[in-house]
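For reference, the sequence and a predicted model appear below.
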Amino acid sequence: MRIFETFAVHFKQAAKEVARLDGNASLASVYVARSTWDRWMAGDIKGLPRPATCRVLEHLFGEPADQLFGSLEPEVTTTAPMAGDDSSSPHLAAMESFRLADRQLGGGHVYRSVVHYLNTVVAPALFGAADRDEDSETAFGAAVVLTEMAAWMAHDAGRDDLASGHFNRARRLSQSLTDVTAGANVMAGMSHLALQTSQVDAAADLARSGLARLAAGPQVPTLKARLHAMEARALAQLNAESEAQRALDCAREALALARTAPPSRWVAPFDEAALASEAASVLLDLGVLKAAAKEAEHALALRDASRVRSRAFGQVTLAQVLLAQGKPDAACSIGMELLNSSQSVTSLRLSRQLDALQADFDPYRQVREVRELLSRMTATAQHRRLLLGSLALPEGPQ
């Protein structure tokens, strides 16, 4: 396991960026010793690190140092919470912490921590909540969301076998909830995984099953939009153009209602940028290239620089659309931006998409700019292979 080595690479890059931003050359030499890292990982945290170290960590993770080094599991007070009030639940805080770390570092780096939290904190809570009706919904809901989160992280690390197991487990756990939205949310994830593993018919069926389940519960427009988008993705790959366009329209109509509906704590975020990204993929598969380019550009315009991985996937899609339009120069420009901005993203899923994009560029290698890009992509792929060594997840069920 080389998680520290990968962290050190990202930290060194962040230190250089902070030194440039702050005009303080000494910040470029800030580092975290292996012994300090091991102490942090063991939970031996006594106050905040030195200010310079905090500055770099805050730049790297996008969060204040006091939150980064705060307790993931707040102490439970003896005061009983009000009925239906789960705002003090440590599980909800943990969900947000893991989600943030996933966005910044990539799922492979956070996967083990999520599984450890599930096994040592959430699992005992499920048994303890059996006789406390006011706690059981939160405990089981957190188990569903975190198990689904583990599935996504395994998928990001290239372990779709582990991802499938986690999704199935999350689906079974969701049957213990009175709120049907958690189960429908899991089906959206399962539909995505089915698409990625070329099980297109299953992807469409899972999306429709999720919509049917969601219809029996409270209205959650963001989840409804996501499920319709997954259905559209599957239908586009089945060459059912009119049905795919209809599903995409349903997704847009559902998302338009999101601003007036209360959010669900068991539903993964899905916003206008996410829908635009999915729409771009749908339209690319359908060959509606002008509209696909518009959606891909819209998705990138809505995503700020902190969402590096999300932007990287969007840039891959836009480059594919531009190549399909016969615009290698414009695609090459996007490709260069992609390589420059995604160096810190250690996602095997992204690496595979970059490999496929490199193959898409190859027929245009007679163009000088494309040859330069292909050379950069080859060098970047070698660098990624070194970083991704730390993402190897253990064999067998987790």
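Perfect, I can see it now.

Where does the residue nearest the centre of the chain sit, in terms of helix or strand?
With distances taken as CA atoms, centre = their mean, the residue of the chain nearest its centroid is R103 (5.7 Å). Assigned by DSSP states H and E, R103 falls within helix 90-105.

Okay, buried residues for that helix please.
90-95, 97-105 (16 or more other CB atoms under 10 Å). C-beta coordinates here come from the backbone N, C-alpha and C atoms, glycine included.

Quickly name whichever of the residues you listed is closest to L193.
D102 (16.1 Å; CB to CB).

Hmm, the closest one is touching M149, no?
Yes: assessed by CB atoms under 8 Å, D102 is found in contact with M149 at 7.3 Å.

Beyond whichever strand or helix holds E17, next helix or strand please.
Here E17, judged by DSSP H and E, is contained in helix 3-22. The element immediately downstream of helix 3-22 (helix or strand, assigned by DSSP H and E) is helix 34-41.

Using PDB, write out the CA atom coordinates for that next one.
Written as PDB, here are the backbone C-alpha positions of helix 34-41 (Å, rounded to 0.1, in the frame of the first residue of the first chain):
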ATOM      1  CA  ARG A  34       6.000   9.700   7.200                       C
ATOM      2  CA  SER A  35       5.900   9.500  11.000                       C
ATOM      3  CA  THR A  36       3.500  12.500  11.100                       C
ATOM      4  CA  TRP A  37       1.300  10.900   8.500                       C
ATOM      5  CA  ASP A  38       1.200   7.600  10.400                       C
ATOM      6  CA  ARG A  39       0.300   9.400  13.600                       C
ATOM      7  CA  TRP A  40      -2.600  11.200  11.800                       C
ATOM      8  CA  MET A  41      -3.900   7.900  10.300                       C
END
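
Quick check: which helices or strands does it pack against?
Helices and strands touching helix 34-41, by 3 or more CB pairs under 8 Å, 6 or more residues apart in numbering; DSSP states H and E, are helix 3-22.

Need the CA coordinates for the helix holding R103. PDB is fine.
Provided in PDB are the C-alpha atoms of helix 90-105 (Å, rounded to 0.1, in the frame of the first residue of the first chain):
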ATOM      1  CA  PRO A  90     -22.000  11.200  13.500                       C
ATOM      2  CA  HIS A  91     -22.900   9.100  10.500                       C
ATOM      3  CA  LEU A  92     -24.300  12.000   8.600                       C
ATOM      4  CA  ALA A  93     -21.100  14.000   9.300                       C
ATOM      5  CA  ALA A  94     -19.000  11.000   8.200                       C
ATOM      6  CA  MET A  95     -20.900  10.700   5.000                       C
ATOM      7  CA  GLU A  96     -20.100  14.300   4.100                       C
ATOM      8  CA  SER A  97     -16.400  13.900   5.100                       C
ATOM      9  CA  PHE A  98     -16.000  10.800   3.000                       C
ATOM     10  CA  ARG A  99     -17.800  12.400   0.000                       C
ATOM     11  CA  LEU A 100     -15.400  15.400   0.200                       C
ATOM     12  CA  ALA A 101     -12.300  13.200   0.400                       C
ATOM     13  CA  ASP A 102     -13.500  11.200  -2.500                       C
ATOM     14  CA  ARG A 103     -13.900  14.300  -4.700                       C
ATOM     15  CA  GLN A 104     -10.400  15.600  -3.700                       C
ATOM     16  CA  LEU A 105      -8.300  12.400  -3.700                       C
END
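
between the helix or strand following it and helix 3-22, how big is the angle?
Following helix 90-105 in sequence order, the next helix or strand is helix 107-117 (DSSP H and E). Angle of helix 107-117 versus helix 3-22, following axes from the mean of the first three to the mean of the last three CA atoms, to 10 degrees, is 120 degrees.

who's in contact with Q358?
L374, M377, T378, A381 (CB atoms under 8 Å, 6 or more residues apart in numbering).

Isn't the residue nearest to the centre of the chain up against R311?
No: using CB under 8 Å, R103 makes no contact with R311, being 11.0 Å away.

So what does V30 look like in phi/psi?
Reported as degrees, to the nearest 10, the phi and psi values for V30 are phi -70, psi 140.

Enumerate every residue touching it.
Contacts of V30 (CB under 8 Å, 6+ apart): A15, A52, T53, R55, V56.

these two touch, right, the fourth one and V18?
In other words, R55. Yes: the criterion here is CB under 8 Å, and R55 meets it with V18 at 5.8 Å.

Identify the contacts common to those two.
L27.

Give me the nearest residue to E231, chain neighbours excluded.
Counting by CB to CB, 6 or more residues apart in numbering, E231 lies nearest to A207, which is 3.9 Å off, once chain neighbours are set aside.

Just the pLDDT at the one you found, thanks.
Per-residue confidence at A207 stands at 97 (pLDDT).

Tell me the secondary structure at it.
Following DSSP: H, G, I helix; E, B strand; the rest coil, A207 is assigned to helix.

now do P269
Going by three-state DSSP: P269 is coil.

So what's the residue count around it?
10 (other CB atoms under 10 Å).

Ok, V121 next?
Neighbour tally, V121, other CB under 10 Å: 16.
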